[in-house]
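A.B. asks: When you get a sec, could you give me coordinates for this:
(2 chains)
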Protein chains: 2
Amino acid sequence: MQSERTNLDRLFAPTSVAVVGASVATDKAGHQALLALGSFRGDVFPINPKAEEIAGRRVFPSLKSLGRPVDLALFALPAAACPAAVAEAIECGCGGGLIVGGGFAESGPEGARIQDQLEAACATSPFRLLGPNTAGFVNKDLSLTASFLLGADRIPAGSIAVVAQSAGICLTVSFLLAKLGYGASLAVGLGNAMNVDASDVLEFVASQPTTRAIALHLEGLKHGRRLFETLKRVTPKKPVVVLTVGRSDIGEFAQSHTGNLMGSYAVRTSALRQAGAVVVDSTEELVAATALLSQHRLAPKLRPGVGVLTAQGGAGLLVLDRLKHRGVTVPALADATRERIERELPPMTFLRNPVDTGRPPPSFPAVLEALTEDPAIDMTLVYAIHEPAVLRAEEVLPAVAERVKKPIVFATVGPPGDTDATCERLRSAGIYVAGSPEELADAAIALSADASAQFRLARGGAKPTAELGVPVSLGYDEPAAKQVLDGIGIPTPRRVVCSSHEEARDALRRLTKPVVAKIVAREILHKTEVGGVVLGIHDESGMNAALAKLDAIPVESARRYLIEEAAPSGLELIVGAVRDATFGPTLMVGLGGTVAEALRDTASRLAPITEAEAEEMLDELRASALLGGWRGSPALDRAAVARVLVSLGAFLSAHPALSEVEINPLRVYPQGVLALDALLR
Amino acid sequence: MQSERTNLDRLFAPTSVAVVGASVATDKAGHQALLALGSFRGDVFPINPKAEEIAGRRVFPSLKSLGRPVDLALFALPAAACPAAVAEAIECGCGGGLIVGGGFAESGPEGARIQDQLEAACATSPFRLLGPNTAGFVNKDLSLTASFLLGADRIPAGSIAVVAQSAGICLTVSFLLAKLGYGASLAVGLGNAMNVDASDVLEFVASQPTTRAIALHLEGLKHGRRLFETLKRVTPKKPVVVLTVGRSDIGEFAQSHTGNLMGSYAVRTSALRQAGAVVVDSTEELVAATALLSQHRLAPKLRPGVGVLTAQGGAGLLVLDRLKHRGVTVPALADATRERIERELPPMTFLRNPVDTGRPPPSFPAVLEALTEDPAIDMTLVYAIHEPAVLRAEEVLPAVAERVKKPIVFATVGPPGDTDATCERLRSAGIYVAGSPEELADAAIALSADASAQFRLARGGAKPTAELGVPVSLGYDEPAAKQVLDGIGIPTPRRVVCSSHEEARDALRRLTKPVVAKIVAREILHKTEVGGVVLGIHDESGMNAALAKLDAIPVESARRYLIEEAAPSGLELIVGAVRDATFGPTLMVGLGGTVAEALRDTASRLAPITEAEAEEMLDELRASALLGGWRGSPALDRAAVARVLVSLGAFLSAHPALSEVEINPLRVYPQGVLALDALLR
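C.D. replies: Next up, the predicted model:
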């Protein structure tokens, strides 16, 4: 780990850089990369066996000929030439490298083979290789442009780290940040992320002093669980905002791009949130939220309160509508606050939250201060059309924010160009400025999401449990699966497994009527489809008829009968734990039944989880209202459902051999739950 | 109508303007409004009984003293003084006026009383009054700033009409348009929209030659049906993009703002779409979509095909993901197109749709032309990071668009300032330029939404039907309601209404078993709650038991029995037609049952509708998959559901006395449907 850490530093913060494949041809990447290194403060070595001098620098024939290990080697070579060049760099003791070109896993089998060679070489050495298929990175701390992309050197320096799967998005995000007046500390395109992935770069920027917030762009993910663990460590220190694709089916194009397979968007985004990241839907939101979080951060809190102060009622409505739609808390103000505001404003204005002042009166600063000081308010949004004659925002807002010690975020619009100076002065004074009512609301949405995620993270996750005292074997029939559930504390109906009619009739006598009779035989996977389930058995004649029916089903293995107490009707959920290919143990819960399945109303978390996290999964369901006592029916036992989720998650996490546990349906009652059927794999 | 039309022209395109309440005090609205009229080309008359000259203009003591009727009077007066001033303007034959201040319906009962007086005065004259509680308007055709807002005169001239409920949003939208490089033809704040509402302004701008697209902002709506009809006439001529608030509960603040009550957001937005408008979620989207539609419009088409050409794969993924998520068609390319493109690009690039060229090669224009010429493509999106050395977008894109005669929309980002000239040249050449991958996708989403809405509008709506041959009376019990459904062709279960046990037993003999017995009595509204429904009656003993049970329910009116054939199980929908307070007859459909109700999965349309519109309602349901043959079950009879919706819509539209018809549940089968219960009001 120490050498990994050290070599990440050598890769991203080198003191010396070599360009392997430096070229005299000015249109080649091997030339442009060298030019881009012009402002770098460290040593630069062009490597080319056939040239003497390029762009005024002495050229060396090979890495070996340098007689010292450079920290970073840029490989501007065709794919096929890369494995040998990387091997030489490793041999020389270089810290890291990056491969500028494509032609690897993203391009087909031949490229994949070359990438496999590179991966094998890196796996057995501390050498860290960025890419392949990346345009490189920019470290503004060192004025280092380790990239052949034109314009990469024009990214302004600042306090935001941009970590993007692809070079194009790295530049796009960096330029959009620049347009908002923000700069980068480090900007990296991961490309195929073969040896250096998002987790590695997060580790680096987490300890880079200039970085105050991190913008992360992801396509597919090879090591999801590792990213999850990394984010849990990084996000409490520095806010991370993530944009990831894959809400719709774009797999084929995605794979052609960086060779990554897309996983489930829902699982990925819940895992990212669970690890403390803020997830957004577009590059604009990514840029806005990261810029915002580089200036303001709320203390961890589940539901921060947002104050809204507006000089234009229509804009206030747009802000309020968006905040409420996204579940942000816009609290009522304390009586004392309202009295303070009432003294400052004419009675025609709206004095609740939002506070609508109309055209800013001289008392605007006092109103802002009163609102922001309210104990229920953690941050205040201010909207006012640019009218310097009545409001000098660049003076008022920083002064109030300084006194009240809570974030104040501003949005304004005005005639073309008029607002630039005000916005720039506010940004310099530490106040984020949005460009519209909705962007203002989005600022509160992002700060709330961050504070809420950090609150949940600080509350602590579930500890991994030791293996539970339940035997794991190959192949579970229904009785065996239910026995496992019993063992981990998930209630199932009372039942008896019987080998004969006599045992079945005896079971009927001992159980509460009515009972259900089900066939149990190894080769029968879908009992219902073969008529292997008989409901509503009240007496011995019913039992005899049921057994006759079950006996009519042809089976070759031993025939047994599961006699089980019928469960009362109730709301049906489906609860599952699966081992995700990239994220490992993952929990999901949703409404059971055909209708709900079609409506795709589910929530997911990486396991293990705590009861609080399980309850939050239930909160996320659109069907959450059904659990809370819908239309006069009694409230259902959410805590019991939460305990089932916790148990399942702990169980799957503790048993690596298990790939899936599904309870469908889990019936939920005012008191307790019952798992009516279960599947283990 | 002719005088309304004429007076709208006098109001919004006046040749003379009077400022009633013109003031010598420079900080008063009555002074600022006069200054803002400085650039107006027509006559300007300050009115003030106590002044001689203001801002260099001769002052007149009263409107009457002018000796001629001005087209437009600006009233810069306290609310209480307005009714008399408006009366004088009407008496003088002025065309229209606008009231700059607040203090009317939005402020409480006293203001509402004053507004009522104004409304009554206008109702009996052709005088058109904008506001009250508005900041006025700007008509850039005439360099007319009929507004006291500072900066309103700085809105640049252009081809977009901005029609906003509130003055603040009018300015916000106009300034955001200016930031994108677009200007306004007319910009209006409606305020309380007492006498001049959105429909009126739409009528005016529909025939204003400079207006090419319309941005509409709505809060509440008094005359929804009228706006619906107006939009149906206007949108085929000029695209209309609408932003409206109210997704969440913001009613109290909304009412304080412009005195309007919020209706249902879902009904409002579906009605707007049905009338051919494009509905968006934010001012940014409003501004972007209107600017776009002022430059490009697709021919009406249900599902236009979008081509995507990108120089950066990561951006292409973001675009594709967003397009697919929003249901935009990204068609496969013809073989001939792919062959053309293959000849132009190296094999490593992705040659389907999207086409990913990598860093733009010299063949980029040829690839763009091939893609755009594909018969399945109606418009092309192009993304490329600013790199003028390899792509001169301002030359390539207009040339190809000109040759191919299809819209091409571009997005680019680059180092700060570098892209400005390119964007400006592209805009001047008629090409819309977006600022990010997602804004590029949003452009296709907006153009598709417009083309699709216009296709549906052109297909023709349902004709209002004459009153159908069904008696409408007060009070319907279940048998009466079902008889009405029978009369309009909606299938119900076979049944007999019986007055005695003997009749009930006779009915049992004639109907297919099992049957259901229900109590019918005027005072019983919720039969199930009093035990008034007995299911599963197979024989006479069952019937006798059922009747005994029904007889045990105490009733005072005549007791009857509804004996009805039990319906087979099937998917349950809820179908309703209600008379909305502002939009009139409105249809809704959703999944039936408690679960679905909690999930709020419904679609709505203004009635009457055609079968095609009814099918589109079903497409909109998340539960749509359940109708199409979910998980191997047979496809259900969508057409029969559509016919029910059409019938209900026609019925409610033709019977003004009816306020509501609800069928819950409507059971849907592979062939046909059955209305199991119905409610008429």
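
A.B. asks: what are the bridge partners for residue A:679, then?
C.D. replies: As for beta bridges, residue A:679 partners with residue A:662 under DSSP bridges.

A.B. asks: so what's it up against?
C.D. replies: Residues in contact with residue A:679 (Cβ atoms under 8 Å, 6 or more residues apart in numbering or on different chains) are A:476, A:481, A:660-662, A:664. From N, CA and C alone the C-beta is placed, and that goes for glycine too.

A.B. asks: Can you verify residue A:605 is assigned to a strand?
C.D. replies: Yes - the assignment for residue A:605 by DSSP: H, G, I helix; E, B strand; the rest coil puts it in a strand.

A.B. asks: right, and it touches residue A:269 too?
C.D. replies: No - using Cβ atoms under 8 Å, residue A:605 makes no contact with residue A:269, being 11.3 Å away.

A.B. asks: shared neighbours, the two?
C.D. replies: By Cβ under 8 Å, 6+ apart, no residue touches both residue A:605 and residue A:269.

A.B. asks: Out of the contacts of residue A:679, which comes closest to chain B?
C.D. replies: residue A:664 (13.5 Å; Cβ to the nearest Cβ).

A.B. asks: Please identify the helix or strand for that closest one.
C.D. replies: Per DSSP states H and E: residue A:664 is located in strand A:660-668.

A.B. asks: Assign residue A:497 to helix, strand or coil.
C.D. replies: strand.

A.B. asks: So it sits against residue A:478, correct?
C.D. replies: No - in this structure residue A:497 lies outside contact range of residue A:478 using Cβ under 8 Å: 9.2 Å.

A.B. asks: hang on, the earlier thing: dump the strand holding residue A:664 to PDB, keeping only the CA atoms.
C.D. replies: Output in PDB follows, covering the C-alpha atoms of strand A:660-668 (Å, rounded to 0.1, in the frame of the first residue of the first chain):
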ATOM      1  CA  GLU A 660     -28.300 -15.000  -4.100                       C
ATOM      2  CA  VAL A 661     -31.100 -15.100  -1.500                       C
ATOM      3  CA  GLU A 662     -34.600 -14.000  -2.500                       C
ATOM      4  CA  ILE A 663     -37.700 -13.800  -0.300                       C
ATOM      5  CA  ASN A 664     -40.800 -13.500  -2.500                       C
ATOM      6  CA  PRO A 665     -43.200 -12.700  -1.100                       C
ATOM      7  CA  LEU A 666     -42.400 -11.300   2.300                       C
ATOM      8  CA  ARG A 667     -45.800 -10.600   3.800                       C
ATOM      9  CA  VAL A 668     -45.900  -7.600   6.100                       C
END
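
A.B. asks: Who has more neighbours out of residue A:605 and residue A:269?
C.D. replies: Neighbour count, other Cβ atoms under 10 Å in any protein chain shown: between residue A:605 and residue A:269, residue A:605 has more, with 27 against 20.

A.B. asks: Distance from whichever strand or helix holds residue A:271 to the middle of the chain?
C.D. replies: If you go by DSSP H and E, residue A:271 is part of helix A:265-274. Put simply, helix A:265-274 sits 4 Å off its chain's centre (Cα atoms, centre = their mean, to the nearest Å).

A.B. asks: average model confidence for stretch A:435-450?
C.D. replies: Averaged over stretch A:435-450, pLDDT sits at 98.

A.B. asks: Contact residues of the stretch 51-200 of chain A facing chain B?
C.D. replies: A:102-103, A:107, A:150-151, A:154-156, A:164-169, A:171-172, A:175-176, A:178-179 (Cβ under 8 Å from any Cβ of the partner chain).

A.B. asks: Just the helices from the stretch 201-350 of chain A, written as ranges.
C.D. replies: Assigned helices in the stretch 201-350 of chain A, in chain order: A:224-234, A:251-258, A:265-274, A:283-295, A:313-325, A:335-344 (criterion: DSSP state H, counting those that start in this stretch).

A.B. asks: Enumerate the positions of the first one that are buried.
C.D. replies: What that stands for is helix A:224-234. Neighbour-count burial for helix A:224-234, counted by 16 or more other Cβ atoms under 10 Å in any protein chain shown, picks out A:224-228, A:230-231, A:234.

A.B. asks: any chance of those in CSV, plus pLDDT and distance to residue B:136?
C.D. replies: Formatted as CSV, the buried residues of helix A:224-234 follow (pLDDT from 0 to 100; distance: Cβ to Cβ, whole Å):
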residue, pLDDT, distance to residue B:136
A:224, 93, 57
A:225, 95, 60
A:226, 96, 60
A:227, 97, 55
A:228, 97, 56
A:230, 97, 56
A:231, 98, 52
A:234, 98, 53
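
A.B. asks: and which of those is nearest to residue B:84?
C.D. replies: Ranked by distance to residue B:84 (Cβ to Cβ), these are led by residue A:231 at 67.7 Å.

A.B. asks: neighbours around the closest residue to the closest one other than its chain neighbours, how many?
C.D. replies: Nearest non-adjacent residue to residue A:231, counting by Cβ to Cβ, 6 or more residues apart in numbering or on different chains: residue A:275, 3.6 Å away. Residues near residue A:275, counting by other Cβ under 10 Å, number 22.

A.B. asks: try residue A:494
C.D. replies: 15.

A.B. asks: do the one 3 residues further on as well
C.D. replies: Residue neighbour count, defined by other Cβ under 10 Å, stands at 20 for residue A:497.

A.B. asks: likewise residue A:299?
C.D. replies: Using other Cβ under 10 Å, residue A:299 is surrounded by 11 other residues.

A.B. asks: Kindly report the same for the one 4 residues further on.
C.D. replies: For residue A:303, the neighbour count with other Cβ under 10 Å is 14.
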